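A.B. asks: mind folding the following:
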Amino acid sequence: MSDYLIRATAFGGQVRAYAIESTDTVAEACRRQDTYATASAALGRTMSISTMMGAMHKGDDQLTIKVEGGGPVGVIVADVNAHGVVRAYLSNPHVDFDLNEKGKLDVSRAVGTTGTLSVVKDTGLKDYFTGEVPIVSGEISEDFTYYFANSEQVPSAVGAGVLVNPDHSIKASGGFIIQMMPDADDETITKIEQKLNELPPISAMIEHGKSPEDILKTILADGDVNILTHTPVRFQCRCSRERLEQALKGLGDEELEKMIHEDRGAEASCHFCNEVYHFTEDELKAIKSDA
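C.D. replies: Numbers count the residues shown, from 1 in each chain. Okay, here's the model as predicted:
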């Protein structure tokens, strides 16, 4: 089954919820980035949560999420929209460690715990909305939970997991976001907290065939889950030769002259998809002339 996410309500509208299966999407990003296991987990968790955040918006809104924890993977960047389209990269994909004391991938060590999580929302207007909070654990899910509570003032429970095969391919990936609405009562909150404490790892649930619907029904048991939308999810980059030509034009005559006469051409690659674009001397001359 192809990746998808769902948006739902429960407990008579007291709760808003999202869940995602992202195995193929994360696998494509990790393949393009050539990530090692721990880096894959960090990238995949960020992608799953960011894609669900994109579904909280409408139309052509774009979100750019950055996780900068000061760890060896460097910065993690994810671009998402409201239609389940995501692209992402991290600065250093070749990061892997032994399992931590809990027997899990040591994502916190890879991401780091000194830095910030930031979200930039582009709604197509002149102004951008930016929310930023400090990294609290480097485990990604806890950091996004803190972001929702402190930057958007929405009490939330966020979970994401990635299961990586011995050959570093992706076996399972998914996540959830549960948000309490202002009228949520204490009984509802207590029920959900109990279910979350009993919840198996999300990656294990996906591995065993549990769907996003199953995940929400497990967390929101007895909450009369109402599925509102079902959105396909996929990795897709927005890079193109035309975009890179525009970027080259912006470098100025002096830099283009250097590429033409010293480098005898140019090569550029996209951070997100690793697509490589080659430009010959003649093509650079045409770009310079056009600029």
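
A.B. asks: state the distance from the nearest residue in space to Ile219 that is not next to it in sequence to Pro232.
C.D. replies: In space, Ile219 comes closest to Lys195 once its chain neighbours are excluded; the distance is 5.0 Å by CB to CB, 6 or more residues apart in numbering. Every C-beta, even on glycine, is put in place using the N, C-alpha and C of the backbone. Lys195 is 27 Å from Pro232, where distance means CB to CB, to the nearest Å.

A.B. asks: and what of Glu68?
C.D. replies: Counting by CB to CB, the gap from Glu68 to Pro232 is 30 Å.

A.B. asks: ok, these two, which is more surrounded?
C.D. replies: Glu68 (20 against 12; other CB atoms under 10 Å).

A.B. asks: residues touching that one, list them.
C.D. replies: Neighbouring residues of Glu68 by CB atoms under 8 Å, 6 or more residues apart in numbering: Gly74, Val75, Ile76, Gly115, Thr116, Leu117, Ser118, Ile135.

A.B. asks: swap in 10 Å and give it another go.
C.D. replies: Glu68 sits next to 74-77, 91, 111-112, 114-118, 132, 135 when contact means CB atoms under 10 Å, 6 or more residues apart in numbering.

A.B. asks: what are the ranges of the helices in the protein?
C.D. replies: 23-33, 37-54, 107-111, 141-151, 186-198, 202-207, 212-219, 241-249, 253-258, 281-290 (DSSP state H).

A.B. asks: distance between the first one and the chain's centre?
C.D. replies: If I follow you right, that is helix 23-33. Mean C-alpha position of helix 23-33 versus that of the full chain (CA atoms, centre = their mean, to the nearest Å) differs by 11 Å.

A.B. asks: okay, now Ser48: neighbour count?
C.D. replies: 36.

A.B. asks: residues touching it, list them.
C.D. replies: Counting by CB under 10 Å, 6+ apart, Ser48 has contacts 3, 5, 18-23, 25-26, 78, 86, 140-141, 158-162, 173-177, 202, 233.

A.B. asks: apart from its neighbours in sequence, what residue is nearest it?
C.D. replies: Here the residue nearest Ser48, using CB to CB, 6+ apart, is Gly175, at 3.8 Å.

A.B. asks: which of the helices of the chain is buried the deepest?
C.D. replies: Greatest average neighbour count among these goes to helix 37-54 (a mean of 29), per mean count of other CB atoms under 10 Å.

A.B. asks: please tell me how far the one residue sitting closest to the centre of the chain sits from Asn100.
C.D. replies: Nearest to the mean C-alpha position of the chain, by CA atoms, centre = their mean, lies Met47 at 2.0 Å. Distance, Met47 to Asn100, using CB to CB: 21 Å.

A.B. asks: go on, His168?
C.D. replies: His168 is 18 Å from Asn100, by CB to CB.

A.B. asks: of those two, which one has the most company?
C.D. replies: Taking other CB under 10 Å, His168 and Asn100 do not tie; His168 has more neighbours (16 against 13).

A.B. asks: so who does that one touch?
C.D. replies: Contacts of His168 by CB under 10 Å, 6+ apart are Cys30, Arg31, Asp34, Thr35, Tyr36, Ala37, Thr38, Ala39, Ser40, Asp96.

A.B. asks: got the phi/psi numbers for Leu220?
C.D. replies: phi -110, psi 40 (degrees, to the nearest 10).

A.B. asks: can you tell me how far it is from Leu196?
C.D. replies: 10 Å.

A.B. asks: mutual contacts of the two, please.
C.D. replies: What both Leu220 and Leu196 touch, as defined by CB under 10 Å, 6+ apart, is the set Phe176, Ile178.

A.B. asks: circling back: now for the helices of the chain, which one comes closest to Thr123?
C.D. replies: Ranking the helices of the chain by proximity to Thr123 (CB to CB) places helix 37-54 first, at 12.6 Å.
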